[in-house]
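Colleague: Generate coordinates for the sequence data below:
(3 chains)
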Amino acid sequence: MTFLLDGFDSDPGDSGLPSSGAPAVDEALLAGLNPQQREAVLHRGKALLIVAGAGSGKTSVLTRRIASLLQTREAWPSQILAITFTNKAANEMRERVEQLVGGAAEGMWISTFHSACVRILRRQAEAMGLKTAFTIYDSADSRALLKRIIKELEVDTLGLTVPSVAGKISKLKNELSDVDSYARSVNADDPADAAFLEVFRRYTESLRRANALDFDDLIAETVHLFRAFPEVAALYQRRFRHILVDEYQDTNHAQYALIRELTRPVEPQHVPADTRMRLDANGGIPGASLTVVGDSDQSIYAFRGADIRNIVEFERDYPEARVILLEQNYRSTQNILDAANSVIASNFDRQEKNLFTTAGAGDKITGFTGYSAYDEAQFVADEIQKLREAGAAYSDMAVFFRVNSQTRALEDILIRSAIPYRIAGGTKFYERAEIKDAMAYLVQVANPADDLALRRIMNTPKRGIGPATEAALQAHADRLGVPLRETLRDADQLGLGPKVTKAIIDLGTTLDEVEAMVPTAPPADVLTELIVRTGYVDALRATRDPQDEVRAENVEELLSFTKEFARRNPEGRLIDFLTEVALVAAADEIDDASGSVTLMTLHTAKGLEYDTVFLTGIEEDLLPHRMSAGEPGGIAEERRLFYVGITRAKKRLFLSLAMTRAQFGDTAVAMPSRFLQDVPGHLIEWRQSPGQANSRGGTRSRALNAPTRQRFSYSTSLPPAPNREKREWTSAVTGAVRDNGDLTLAPGDRIRHTDFGEGRVVDVTGTAPKAVAEVQFDTAGRKRLLIKIAPIEKL
DNA sequence: TAAACTGGCCTTTTT
DNA sequence: GGCCAGTTTA
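Modeller: The predicted structure is shown next:
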């Protein structure tokens, strides 16, 4: 095992690791820091916990801390491991450190938990009985495999559904359980438990045979690797002398254990004789220094195993830990912070913390209640447009929501209003069927053992290899105990029809020949070869379905991604491309220079900031979400989610809700979120409060924050039939669109709009089909409309 | 074997 | 209201 490291197994400078006193750090690195931040940069010792409130400059502190270690030569770059929550955050941190120290940061590991573990596992794959080109299964892949297994075992009758089993397996792996340890704890008499155990066992075996790991395995298997092979662990323990973990409140048990393993002292028997590193009294190497940054008020991932105790109990785990609290906020106005403080204060059992700023009160928070989700979306669109006209950039605005399904109404209205937007995550590019198909081809040639990938592409494009044929091949594979892929060559021995046999042999030959390219060819060439030889894109183009043309273009876009990957990564091989794709997160896709408004879930918003934030759907059953109500701590976590959303805003915050919301096709009455009561009334200016929305501009204005719990009782007076209400609400926006063909408008034209009534065109910009009309409506105000699809007619 | 059709079920959040 | 799975029909 060789590492390309500078100074591996040596201390770079004279200053020993756990030193006391402040290091001689260049003052320029500390410029502009407050005393707490300064201490967080300068403290030296075994363990440091930085409790960083939202917007308290923790990224700045982390980057300067790393820079200071490098600058004083306390550490080589290669001795630093920094863990961030997203790849995007990792890249930004790397850039900022390089700026601070002047480009000498080569060899630093700054990455997510998952990326770091993949790196380790690919190097150490053999020890784990894996091949280095193992496939990483995303959640959809895991679910597809589980579905197959559950069907095979016919255990769906026992209440084992794919999502429930997937969730349970994920939870077990995050607790570092495996099949054997779970088998010991399970009640074998319970048929459902026994069935689950069998599914878990088969799932694990299938992954192993396919030379594949799922997301949770990436962490858990690395921990198992370190525990099973202390000499391997020692390699990394010796290497990483400074470990920094961001968003520590969202680490789960497996991630906690990983950090625990990495910071253990190196046992004397694993210390090389010729080491130049400082040894402890026993002849071992002391454990690495650990810095964690977190804020328990921003813990929002309990559902995926994040354990808030990891941060609460940090001081117990690391008794000599120093704790530094960062409370000064450099992001938001005081009004926004007051709202945030007040919201989070309703969570009991938390460490008291109060954000403050010197930035001044700023604007009040704006509240709005729409009659429907479309109405709410129209409010958002109108405000975005107003801000835009006042000089704000679209890219400085973001719209948050609790669940992805909320995007529908928002998108409809934003499109109709000609406002450019992007959705972070959403229906992800890589989740599209055609992209998964193309990726499955790549995966298959990188990792021929991956049966799941092969099954996906076996009959895509259509080659006449149906389920019966697949079953015959599978049976043959099972008899021989080989991957499905190896049976393709034997197709002529299986007594299948001549046409099918030829199709199978051809596919096998293509895959074999392209596989031979993989070690030397860049990923773009591999993909091109596969597309051309299998005729996948041609087949898409040949169908009558107009959607397929878009799909063909998507595959071509994937091809251009592989080319772009090659530019960034001249030496990158197929497996590196596949790894990168497998580990992209929603937040990684956000392009700050896109000139668009960004739409995302509250979860994706963590760690980001925008001048203007729209928090939509602040309703009961949505925030807090209905599903969270039954879970212990569920409401508290939802409140933290609200808190995270509020604290993303720098200058302007909008809180909006709707009185009715569509679900499963019909409309249900929505009630204002209980969390709105936590926002002091004087901080919000309601453009239309829930009470006003009910009385349709009447005199009865119910202050939302009146000091009674009955304040939302208006909703009980709503008639049960939503359709009738809708007609009464004359100003309710429907979100309707229509195709106006090549309708042209000119200033001065009068039009009628389905939602806004009559108005006069004051301006037209752009050219068809993207022409936009600026319309002054008689009663609904001024709006921008995308002429081609707006529900309008010329009068 | 593939396309067309029908009925059931859903919706948390994500690396 | 839309997606998916299973069934029917060519």
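Colleague: looking only at pLDDT, what's the mean for stretch A:362-369?
Modeller: For stretch A:362-369, mean pLDDT is 93.
Colleague: So which bits of it are buried?
Modeller: Using 16 or more other C-beta atoms under 10 Å as the test for burial, stretch A:362-369 gives A:362, A:364-369. Backbone N, C-alpha and C define where each C-beta goes, glycine included.
Colleague: what's near enough to touch A:Ser656?
Modeller: A:367-370, A:376, A:379-380, A:614-618 (C-beta atoms under 8 Å, 6 or more residues apart in numbering).
Colleague: any chance of those residues in CSV, with secondary structure and distance to A:Ile243 too?
Modeller: Shown next, in CSV, are the contacts of A:Ser656 (DSSP: H, G, I helix; E, B strand; the rest coil; distance: C-beta to C-beta, whole Å):
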residue, secondary structure, distance to A:Ile243
A:Gly367, strand, 44
A:Phe368, strand, 46
A:Thr369, strand, 48
A:Gly370, strand, 48
A:Glu376, helix, 45
A:Phe379, helix, 46
A:Val380, helix, 42
A:Phe614, strand, 38
A:Leu615, strand, 35
A:Thr616, coil, 38
A:Gly617, coil, 39
A:Ile618, coil, 39
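Colleague: Filter those residues down to the buried ones, ChimeraX style.
Modeller: To isolate the buried members of those in ChimeraX, using 16+ other C-beta under 10 Å:
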select /A:367,368,369,370,376,379,380,614,615,616,617,618
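Colleague: and which of the contacts of A:Ser656 is nearest to A:Ile590?
Modeller: Minimum distance to A:Ile590 across the contacts of A:Ser656 is 15.9 Å, recorded for A:Phe614 (C-beta to C-beta).
Colleague: I figured the closest one hits A:Leu387, correct?
Modeller: No - using C-beta atoms under 8 Å, A:Phe614 makes no contact with A:Leu387, being 10.4 Å away.
Colleague: Need the residues touching each of the two.
Modeller: Joint contacts of A:Phe614 and A:Leu387 (C-beta under 8 Å, 6+ apart) are A:Met397.
Colleague: so how many other residues sit close to whichever residue of the stretch 151-300 of chain A sits closest to DNA strand C?
Modeller: Nearest to DNA strand C, among the residues of the stretch 151-300 of chain A, is A:Lys151, at 6.8 Å (C-beta to the nearest atom of the strand). Per other C-beta atoms under 10 Å, the neighbour tally for A:Lys151 reads 11.
Colleague: and if you look at A:Gly497?
Modeller: 10.
Colleague: Now it, what are its backbone angles?
Modeller: When quoted as degrees, to the nearest 10, the phi and psi of A:Gly497 stand at phi -60, psi 160.
Colleague: related to what we said a few turns ago, what's the closest of the contacts of A:Ser656 to DNA strand B?
Modeller: For the contacts of A:Ser656, the nearest to DNA strand B is A:Gly617 (11.2 Å; C-beta to the nearest atom of the strand).
Colleague: now that we're looking at that closest one, how far away is A:Ala736 from it?
Modeller: 21 Å (C-beta to C-beta, to the nearest Å).
Colleague: One more: A:Thr744?
Modeller: 21 Å.
Colleague: before we move on, back to that, could you export the buried residues of stretch A:362-369 to CSV, including columns for distance to A:Met93?
Modeller: CSV is the format used below for those (distance: C-beta to C-beta, whole Å):
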residue, distance to A:Met93
A:Gly362, 29
A:Lys364, 35
A:Ile365, 31
A:Thr366, 34
A:Gly367, 36
A:Phe368, 37
A:Thr369, 40
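Colleague: Go through these and name the one nearest DNA strand C.
Modeller: Taking these together and measuring to DNA strand C by C-beta to the nearest atom of the strand, the closest member is A:Thr369, at 22.6 Å.
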